[in-house]
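K.L.:
I'd like to go over a predicted model; first the sequence, then the structure.
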Amino acid sequence: MRRRVTGNLLWMLAERGFQVGIGIGVVAMLARALGPAGFAHFQYAQSIVLIAASLALVCSGEVVVPRLVAEPAPAAQYRLLAHAFVLRLAGGMAGYLLMCAYLGVTSPAAEVWHAALWLGLAILLREPFGVVVAWMQAHTNNRPGTLFSLVALIIKALIVAALFATGVREVSGYAAAFTIEPFLVAALLVSYYLSRSPVRDFGWQPTLARALMNSGALFWVSFILMMGARRVDQLVLQPVVPAVDFGAYAACMQVLDNFTMVAGILAAGIAPTYVYARKSFDEAHANIGRIAIGLGALGLAGGLAISACAPWIVRLLYGSAFDATVTLLRAAAVASALVFADVGLTLLAVYLRRPRWLAIKWALVLGATLAFDLVIIPRYGNLGAVAGYALGNGVAVLVGLTLWWRHRPVREVASA
């Protein structure tokens with residue numbers, strides 16, 4: 001069993017490592033081409049787009065995949081996928097309009113507008129056409145989707161490299177290059193699905209649509225709150241600091257986003273065998289505690305290593321123009337260990353199928369982070385944002401520990 005789990009983890013880490021490696025190379029070229037100010041505009045636009053994109057996850061995979069497995073008939077699956085596609089597209093359109101409204105109210109620089117309008121097109125593509133990925137998961141055939149993503153990522157990286165080599169310095173040019181990736185993935189997914197499942201008559205069924213909405217409502221709300229909690233620091237920070245300072249903070253968070261992604265990969269590889277497959281709640285509960293401790297220790301070790309190597313990492317990836325990132329990365333890298341522990345503790349809510357817990361947790365994290373950032377960031381700038389990052393992760397871990405402790409197995413002790 002351990003050999004199988006280890007082999008699966010190594011495959012997942014290798015696959016994700018390849019994607020992260022390319023992504024880091026793309027970000028490095030982007031930072032060097034645009035400089036701290038241009039990079040700040042690009043990253044701010046990307047943060048707005050990521051929050052708006054969460055509205056497109058109306059029917060997450062947790063809702064669609066089990067229904068596809070329960071209804072193997074091609075006609076039934078096509079009907080389900082069509083409804084999920086329409087709901088996600090409607091959510092994506094709402095997200096894109098909400099993004100435009102936010103930009104209109106805040107009136108950022110023209111470069112932010114241009115980048116957001118280009119990057120925001122992914123909201124209308126990634127999740128709606130991602131229903132094909134759910135269809136692949138239901139048929140236990142994830143390889144085509146992974147290959148499509150890698151092909152599109154490589155093409156995007158080559159285009160960015162070409163722009164970098166030719167001396168392009170406009171934010172909108174790189175934003176347009178980023179938009180090519182979701183277009184390619186969507187086209188490949190649709191072509192693959194249609195070649196194996198012909199188009200059938202589609203009649204809108206309000207009952208099915210409501211069922212999908214109701215089943216996925218808590219997951220949807222949780223994801224929106226989570227994305228808000230993860231990016232609210234940049235929304236608060238950007239208007240109160242110079243663009244160069246915001247670029248330094250965005251560069252720091254870019255490194256940590258890639259680092260903390262490892263926690264999700266490890267949890268996804270370990271949990272099926274050591275948590276979800278356990279029929280005994282006592283055993284699953286104990287394993288969740290061990291996984292949280294192990295992930296937290298791993299995150300702390302990695303965070304300390306990143307902190308120690310911060311000057312080398314920043315100089316290698318971003319260049320000397322981002323020297324201000326070094327101090328921020330040293331402090332925030334250690335705090336990122338809390339993300340690893342939180343991922344481990346989240347397995348309890350997944351095991352017990354309690355999405356409400358996730359929604360409550362992220363609502364508390366978002367509220368605490370936003371309140372803290374609004375008070376501290378105007379006074380301390382980037383350092384205040386790092387403190388808010390640590391506080392938000394700490395609140396998430398505290399909520400997870402509370403739920404884990406309060407729902408520990410009850411042991412009856414008989415006494416004479």
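P.N.:
Sure, I can see it.
K.L.:
for Gly394, see how far away Val375 is.
P.N.:
Separation of Val375 from Gly394 (C-beta to C-beta, to the nearest Å): 17 Å. All C-beta spots, glycine's among them, are computed from the backbone N, C-alpha and C.
K.L.:
next SSE after the helix or strand that Leu97 is a member of?
P.N.:
In this structure, Leu97 is located in helix 74-106 according to DSSP states H and E. Per DSSP H and E, helix 74-106 leads on to helix 110-119 as the next helix or strand towards the C-terminus.
K.L.:
same for that following helix, what does it pack against?
P.N.:
helix 2-53, helix 74-106, helix 171-196 (3 or more C-beta pairs under 8 Å, 6 or more residues apart in numbering; DSSP states H and E).
K.L.:
any regions of the stretch 151-300 of the chain where pLDDT drops low?
P.N.:
199-200 (pLDDT under 70).
K.L.:
can you give me the helices for it?
P.N.:
For the stretch 151-300 of the chain, the helices defined by DSSP state H, counting those that start in this stretch occupy 171-196, 206-237, 243-271, 281-308.
K.L.:
and of these, who's closest to Arg379?
P.N.:
Shortest distance between Arg379 and the helices of the stretch 151-300 of the chain, using C-beta to C-beta, is found for helix 206-237: 12.0 Å.
K.L.:
which non-adjacent residue is nearest Tyr274?
P.N.:
Nearest non-adjacent residue to Tyr274, counting by C-beta to C-beta, 6 or more residues apart in numbering: Asn287, 4.7 Å away.
K.L.:
could you list every residue that touches the one you found?
P.N.:
When contacts are counted by C-beta atoms under 8 Å, 6 or more residues apart in numbering, Asn287 touches Tyr274, Val275, Arg278.
K.L.:
show the buried residues in the residues you listed.
P.N.:
Tyr274, Val275, Arg278 (16 or more other C-beta atoms under 10 Å).
K.L.:
burial of Arg356, as a residue count?
P.N.:
Residues within reach of Arg356, counting by other C-beta atoms under 10 Å, total 12.
K.L.:
in this structure it contacts Phe219, no?
P.N.:
No - using C-beta atoms under 8 Å, Arg356 is not in contact with Phe219; the gap is 10.3 Å.
K.L.:
could you list every helix and strand in contact with the helix or strand Leu401 falls within?
P.N.:
Element membership for Leu401 (DSSP H and E) is helix 382-406. If contacts are counted by 3+ C-beta pairs under 8 Å, 6+ apart, helix 382-406 sits against helix 206-237, helix 243-271, helix 281-308, helix 324-335, helix 337-351, helix 355-380.
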